[in-house]
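**Q** What shape does this take:
(one chain, ligands or ions: 1)
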Amino acid sequence: MSFQIKSFQEYKDNYKKSIENPESFWEEIANNFVWKKKWNNVLSWDFSKPEIKWFEGATLNITENCLDRHLETRGDKTAILWEPNDPKEGVIKLTYKELHSKVCAFANVLKNNGVKKGDRVCIYLPMIPELAIATLACARIGAIHSIVFAGFSATALASRINDAQCNVVITSDGSYRGNKTIDLKGIVDDALESTPSIQTSIVYKRTGAAIEMKANRDVWWHEELEKVNDQCEAEEMNAEDMLFILYTSGSTGKPKGMVHTCGGYMVYTAYSFKNVFQYEENDVYWCTADIGWITGHSYILYGPLANGATTIMFEGVPTYPDGGRFWEVVEKHKVNQFYTAPTAIRALEKQPIELVNKYNLSSLKVLGSVGEPINAEAWHWYDDNIGKNNAPIADTWWQTETGGIMISSLAGVTPQKPTFATLPLPGIQPVLMDAEGKEIETTEAEGRLAIKFPWPSIARSVYGDHQRYKDTYFSAYENKYFTGDGALRNKEGQYRITGRVDDVIIVSGHNLGTAPIEDVINEHDKVVESAIVGFPHDIKGNALYAYVILHDGVEGNDTLRLEINSQIADSIGPIAKLDKIQFVSGLPKTRSGKIMRRILRKVAAGEHKSLGDISTLLNPEVVDEIINGVLV
Ligand code: WT7
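**A** Prediction:
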């Protein structure tokens, strides 16, 4: 595709054009794709409604762009290279031809099971090739996929299925993660107790565990495949038809089902993939994320496949069989672009350096980072030991809601700077907002990060709750998308993301809202009230610290801590478990009854000497108690 930017000057020219004339800029890029019908209008938008439409009137199927169109020129090229959890199990290489055939066959399985265009299909699978196949099969027939990360609990799965009213769920008998085997089907069975919309579950045999197949509901993937052929016409989709729903936590209540649509999402993920990672035809690209998160959707599947790339899917964890696994895989498959998260870098940094040095990493040309701000130490460790100061690092800032990378260097093409995501991609117009809600005009500044113009892969809504979409993203500032992040900008115009400014905490790169976790804690019958804050953690970036008020006469002890954490693991998933639980008699509140989280954050971080003025509190006396009881 002819949209690769190859020099800093070219970036500047493209950026300028994308701001001065966004429609013709994106139209030229969109012309690189296969459309069944071209658009009547490139863009119409109104952030006050909010309503955003890209490539209106156009029709396409994203799988034709990710699969069919490569068949002639890249049919025998590896599309997906699968690396299993256990290195002794063989790798699987699916060529574009094979992947196409498997996707079409499974699309027919979906049809046979009653799935129609517009239906929602929940996918709850481990990182096996069938996850990619099932996802693309949905897109093939115009069904909307809702992938739920297979580490989420039954309760979390059920609430996502119910929110989207899915009628089919796709899962496996079990999954492997390091030396653990997980009973995925059991989790799904629990979830399906309370999901009346589900009619069918399709089960892939991965572990061979003895599971129960419920009559008239559960069918085996391999048996269903025997009933179909591998010919399946791609459904003609409007550019603005829904492609998928993906849930992200919010600062309040239930998770938000972010809605992404077909045309703009395809154009932007493909464009950003090519330019950020500077992918060349014979490169092997590896993103270590799970497809259950947006990173996997956009930069394991759609972006790479739209570019005809070879993309690695890794089933395992960074520390199994040992802490050298990532580097072993890099050597084994001669990985050229490697994209991971700061939390993984920090964890691997703690391993003996021989686990890095024993492998040949000379294939690496580009390194990427995503999920949270990368601290200077981790950045330099990555640069020195993995890239050998010879592979540029793209620190990519973006969100589930943005669909694709927004602020990042283009590896080796635009300047990089440790701890700075640096410059916006062409088409992206970031602004910093001050405390009064005004756009800051000076270049060097610090403020809240907003975006003032639409880009093709912006989420279009929160599924079933457009008002929430408006309230969350378009109400803080008039006519701007608010990111929830704070940032500073240096005199070169480069951005450094400083972290969330709302009640979302990024733990190990996972986005966790405090309110849903507090709700779970408060459900415990010994608990009156709770408040969660983040505190700095060596590996996770942030970890969760809970202040919990118990009923009179109840003793706060480790048994209760375990109970609270297992309740959280059951309701949300192990990723939301608390690192520290401090039992307190009260929480610092303002006179209007609002918890002063600022104080709780400082105490948890060990910064109680700089609390500032607390005299306006309703109950300043609890602050001393909290400081004295702080868990270190
Ligand atoms: C939040 C979005 C986008 C894929 C993974 C997370 C934080 C993400 C960076 C980065 C600083 C980052 C932000 C953002 N974040 N990447 N390179 N530097 N912060 O997606 O779960 O939707 O979380 O992750 O706070 O708002 P997500």
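
**Q** distance of the closest residue to residue 313 other than its chain neighbours from residue 172?
**A** Sequence neighbours aside, residue 82 is the residue nearest to residue 313 in space, at 4.9 Å (criterion: Cβ to Cβ, 6 or more residues apart in numbering). In this view, the C-beta of every residue, glycine as well, is placed from N, C-alpha and C. Look at residue 82 and residue 172: by Cβ to Cβ, to the nearest Å, they are 14 Å apart.

**Q** likewise residue 494?
**A** 44 Å.

**Q** who's more crowded, these two?
**A** residue 172 (25 against 20; other Cβ atoms under 10 Å).

**Q** For the more buried one, give me its contacts.
**A** Each residue near residue 172 by Cβ atoms under 8 Å, 6 or more residues apart in numbering is listed here: 125-126, 128, 130, 184-185, 203-207.

**Q** at 10 Å instead, please
**A** The contact partners of residue 172, taken as Cβ atoms under 10 Å, 6 or more residues apart in numbering, are 124-126, 128, 130-131, 150, 182, 184-185, 188, 202-207, 209, 211, 221.

**Q** Among these, name the ones in helices.
**A** Cross-referencing the contacts of residue 172 against helices under DSSP state H gives 130-131, 184-185, 188, 221.

**Q** Could I get the full set of strands for the stretch 351-500 of the chain?
**A** 366-370, 393-396, 430-433, 445-451, 461-462, 481-489, 495-500 (DSSP state E, counting those that start in this stretch).

**Q** and the last one, what does it pack onto?
**A** What it means is strand 495-500. strand 393-396, strand 445-451, strand 481-489, strand 504-507, strand 541-550 (3 or more Cβ pairs under 10 Å, 6 or more residues apart in numbering; DSSP states H and E).

**Q** Can I get that strand in CSV, CA atoms only?
**A** Provided in CSV are the C-alpha atoms of strand 495-500 (Å, rounded to 0.1, in the frame of the first residue of the first chain):
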residue,chain,number,x,y,z
TYR,A,495,3.5,14.9,24.1
ARG,A,496,4.3,13.1,27.3
ILE,A,497,1.3,11.3,28.8
THR,A,498,1.3,11.7,32.5
GLY,A,499,-1.6,9.4,33.4
ARG,A,500,-5.3,9.2,34.1
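
**Q** any idea how far stretch 190-199 is from the chain center?
**A** 25 Å (Cα atoms, centre = their mean, to the nearest Å).

**Q** Show residues contacting it.
**A** So stretch 190-199 is contacted by 113-115, 120, 122, 124, 148, 152-162, 164-169, 171, 183, 188, 201, 214, 216-218, 570 (Cβ under 10 Å, 6+ apart).

**Q** Just those residues: which are in strands?
**A** 120, 122, 168-169, 171, 201, 218 (DSSP state E).

**Q** C-terminal to the host helix or strand of residue 515, what's the next element?
**A** Residue 515 is located in helix 514-523, with elements delineated by DSSP states H and E. For helix 514-523, the following helix or strand on the C-terminal side (DSSP H and E) is strand 527-537.

**Q** Measure how that following strand sits relative to strand 541-550, angle-wise.
**A** Taking axes from the mean of the first three to the mean of the last three Cα atoms, to 10 degrees, one finds strand 527-537 and strand 541-550 inclined to each other by 160 degrees.

**Q** buried set for stretch 441-448?
**A** Residues 445, 447-448 are the ones in stretch 441-448 that count as buried (16 or more other Cβ atoms under 10 Å).

**Q** Mind putting the helices and strands packed on strand 495-500 into TSV with distance to residue 320 and mean pLDDT?
**A** Shown next, in TSV, are the helices and strands packed on strand 495-500 (distance: least, Cβ to Cβ, whole Å; pLDDT from 0 to 100):
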stretch	distance to residue 320	mean pLDDT
strand 393-396	25	98
strand 445-451	37	97
strand 481-489	33	97
strand 504-507	21	92
strand 541-550	22	96
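
**Q** So which of those is the most surrounded?
**A** Across the helices and strands packed on strand 495-500, averaging neighbours per residue (mean count of other Cβ atoms under 10 Å) puts strand 393-396 on top, at a mean of 25.

**Q** and residue 217, how far is that from the ligand?
**A** 32 Å (Cβ to the nearest ligand atom, to the nearest Å).

**Q** confidence score at that residue?
**A** pLDDT for residue 217: 98.

**Q** residue contacts, it?
**A** Residue 217 neighbours (Cβ under 10 Å, 6+ apart): 169, 189, 192, 198-201.

**Q** swap in residue 210?
**A** Residue 210 makes contacts with 173-174, 185, as judged by Cβ under 10 Å, 6+ apart.

**Q** which ones among those come in contact with the ligand?
**A** Among the contacts of residue 210, no residue is within reach of the ligand (Cβ under 6 Å from any ligand atom).

**Q** ok, and the closest non-adjacent residue to residue 100?
**A** residue 67 (4.4 Å).

**Q** One more: residue 285?
**A** Spatial nearest neighbour of residue 285, excluding adjacent residues (Cβ to Cβ, 6+ apart): residue 337 at 4.4 Å.

**Q** Show me the beta-bridge partners of that neighbour.
**A** residue 285, residue 366 (DSSP bridges).

**Q** Show me what from the stretch 251-400 of the chain comes close to the ligand.
**A** So the stretch 251-400 of the chain meets the ligand at 294-295, 369-373, 395-400 (Cβ under 6 Å from any ligand atom).

**Q** picking that back up, adding pLDDT and neighbour count, write the contacts of residue 210 out as a markdown table.
**A** Converted to a markdown table, the contacts of residue 210 look like this (pLDDT from 0 to 100; neighbours: other Cβ atoms under 10 Å):
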| residue | pLDDT | neighbour count |
| --- | --- | --- |
| 173 | 98 | 22 |
| 174 | 98 | 20 |
| 185 | 98 | 25 |
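
**Q** three-state assignment of the residue of the chain positioned farthest from its centre?
**A** In the chain, the residue that sits farthest from the middle, by Cα atoms, centre = their mean, is residue 553; the gap is 42.7 Å. Following DSSP: H, G, I helix; E, B strand; the rest coil, residue 553 is assigned to coil.

**Q** circling back: for the buried residues of stretch 441-448, could you give me CSV that also reports distance to residue 586?
**A** What follows is the buried residues of stretch 441-448, written out as CSV (distance: Cβ to Cβ, whole Å):
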residue, distance to residue 586
445, 38
447, 34
448, 31
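
**Q** what's the closest of those to residue 469?
**A** residue 448 (18.7 Å; Cβ to Cβ).

**Q** so who does that closest one touch?
**A** By Cβ under 10 Å, 6+ apart, residue 448 lies in contact with 431-435, 437, 440, 476-477, 480, 482-487, 498, 501-502.

**Q** Over to residue 368?
**A** Neighbouring residues of residue 368 by Cβ under 10 Å, 6+ apart: 276-277, 285-288, 295, 299, 337-341, 382, 391-396, 405, 408-409, 411.
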